[in-house]
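[1] Generate a structure from the sequence data that follows.
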Amino acid sequence: MVSPLRTLGLLGLVGVLLTLLAVVFPGGSAPVPATAIGAVHTPALSLRIIGLADVLPTAPPALKDITQTLAQAGSASLLANGDTVVAPGDELPAPDAVPGIANARPVSADSFAHSPGKVSAVALPRPGPLPTRAVPTNDTVRLDFPIEFPVDQPQALASFFGALRQLPRTQDLIRVLHIGDSQLEGDRVTSYLRERFQRQFGGCGPGLVSVAEVNEARLTVQVRPKGPWKKYASYGPRKKAPHLKYGLLDVYFRFNTGPVRTDSAGRPLGTSGAASARYLLPKRGYGAAARPEVARVLYRNPGAPFTLQVRADGADLTEAQAIGAADTLGFTAVALPAGVKQIETKFSAEGSSPDILGVCLDCRQGVAVDNASLRGSSCTEFGRMDMKFYGAQVRQLGVKLIVLQFGVNVGAAEAASYKYYERMLRAQLAILRRATPGVPVLVIGVSDMSRRQNGEWRTRPSVEKVRAAQRAAAFATGCAFWDLYGAMGGENSMPSWVAARPSLAQPDYTHFSGAGARIVGELLWKALIKEYDRFARGEAEAAAQAVEAE
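    Purely as a prediction, here's the structure:
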């Protein structure tokens, strides 16, 4: 048996050694030279040493002035209950009263535990004055961060803008598919884009929704699955899936089926199972997103027929109807009553379960904006999916723009070079473009991410390298690019987002808060609508010139 005194002595010795290392290497790292033993070569490394500044409370550093960035986003009119974003300045409270300035500890990008209570609900906004005081720095925050295009494809988004402009004539329903990592969980950023698109171009409903959500804090629609559901995803922990024909949300769901009916010897003659999912819409707020007109249940059932029933607010909208077996995308569309607050889909099968891909809660026309948040993803999934089936869904559901927003999981890795990531992302984008010809792709660059170094929260060295890799991969594959890192203020802007009141980012110095996500959504919307207006003016001028030439 080990003596407790011996254990305490060992712990004390370790503490003394760590203290000596912190004193000898005050810069926080110790160089480890390259070595060569036979044919094995080890590159030079830098051993990270936890210093006193990393564990002792320190005064907050001067924060970057993001007042003009917030003003450009019109932040005062974006927040609920009359809240006004106050950029951090000399009027800030003591450090321990500001979440994350001195006491918070960063966690890995997608291990962050999102709390439902942290999500900012958006009610009827009331404008308020923007702050005028903030800590001055020598940094100049550039305000204009437009969409960037490849040199040889300056009209990369033209087909999407054309579809938007033709909506009054075509009366179509078109979709924007917003795919990203945990920055989008809870419908963050996407919900604001949806609100903006539907306000200007028409449309309603929260779009394509899964059978179950990783983050139950989504307020635009809450999902309540019931029954023996099993999720198969193209991302996250590798699980053996029956096949690779995932839906547009990169998932499909099946419910377990068990044996029923037996012969005289007690052997099962068949299988049966049932499951359901309820979709709860908010009782107030959220504009048109809370008022869908049509529910479309998406599925694929190559094995055996199954039964589907749709209910709304406790009343049957359809009888239980049999759906025949088919290996292609299928859907059942049901008109919803005005003011519906709860939609339920009920499934049963004798035999194998169908693949349930989600439910579209939309208008009959206008714009639908779908949120596909892939926790832990770095946009490596397209090569692991049946892209022929994926492309068929894009065409059948009318997707006219795909927006990709990744980077926080790559940036947390802190690699010396991100050329590998550029090559990987370029390959993934090429796969996506081949599967969805004619559908433009907008790549959103990584946001600022901070780590604590020598007592201060500083931009991770990887962020600008990741951004450069994303831009290069986008341009090489004919995609547009938007610089989120620059738009939010650039280097060392994340601490100012955390310190703003209300806070615009979480104390992990990586993820946006609900309020911050709305700011990001507005900045992105302004960049998009600026390009749309330019496109519309160009078409109008061309039409006028054609008339004059006649």
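
[2] separation between residue 464 and residue 341?
    46 Å (C-beta to C-beta, to the nearest Å). Every C-beta, even on glycine, is put in place using the N, C-alpha and C of the backbone.

[3] Same check on residue 509?
    The separation that residue 509 has from residue 341, given C-beta to C-beta, amounts to 38 Å.

[4] do residue 492 as well
    45 Å.

[5] Pick out whichever of those two has more residues nearby.
    Higher neighbour count among residue 492 and residue 341: residue 492, with 19 against 13, using other C-beta atoms under 10 Å.

[6] Quick one: residues contacting residue 317.
    By C-beta atoms under 8 Å, 6 or more residues apart in numbering, the contact set of residue 317 is 310-311, 334-337.

[7] Please tell me the pLDDT value assigned to it.
    According to the prediction, residue 317 has pLDDT 95.

[8] go on, residue 376?
    According to the prediction, residue 376 has pLDDT 86.

[9] What is the neighbour count of it?
    Neighbour tally, residue 376, other C-beta under 10 Å: 17.

[10] my read: it touches residue 182, true?
    Yes: counting by C-beta atoms under 8 Å, residue 182 is a contact partner of residue 376 at 7.3 Å.

[11] what about residue 515, helix or strand, and which?
    helix 514-549 (DSSP states H and E).

[12] helices or strands next to that helix in the packing?
    On a contact count with 3 or more C-beta pairs under 8 Å, 6 or more residues apart in numbering; DSSP states H and E, helix 514-549 meets helix 67-73, helix 158-165, helix 190-201, helix 484-487.

[13] mind redoing it with 6 Å?
    helix 67-73, helix 158-165, helix 190-201 (3 or more C-beta pairs under 6 Å, 6 or more residues apart in numbering; DSSP states H and E).

[14] hey, least reliable of those helices by pLDDT?
    Here the lowest mean pLDDT among the helices and strands packed on helix 514-549 goes to helix 67-73, at a mean of 77.

[15] residue nearest the centroid of this structure?
    residue 184 (2.4 Å; C-alpha atoms, centre = their mean).

[16] Next, it: phi, psi?
    phi -100, psi 0 (degrees, to the nearest 10).

[17] so what's it closest to, chain neighbours aside?
    Excluding the flanking residues, the one nearest residue 184 by C-beta to C-beta, 6 or more residues apart in numbering is residue 373, at 4.0 Å.

[18] Quick check: residue 230 touching residue 255?
    No: counting by C-beta atoms under 6 Å, residue 255 is not a contact partner of residue 230; they are 7.1 Å apart.

[19] So for the two, which residue has more residues nearby?
    Shown here are residue 230 and residue 255; by other C-beta under 10 Å, residue 255 has more neighbours (22 against 13).

[20] Which pLDDT does the model give that one?
    pLDDT, residue 255: 92.

[21] where does it fall, phi/psi-wise?
    Backbone geometry at residue 255, expressed as degrees, to the nearest 10, gives phi -110, psi 150.

[22] wait, it sits on residue 272?
    No: under the criterion of C-beta under 6 Å, residue 255 is not in contact with residue 272, lying 10.5 Å apart.

[23] Might you list the low-confidence residue ranges for this protein?
    1-4, 16, 18-62, 74-143, 214-217, 258-271, 284-285 (pLDDT under 70).
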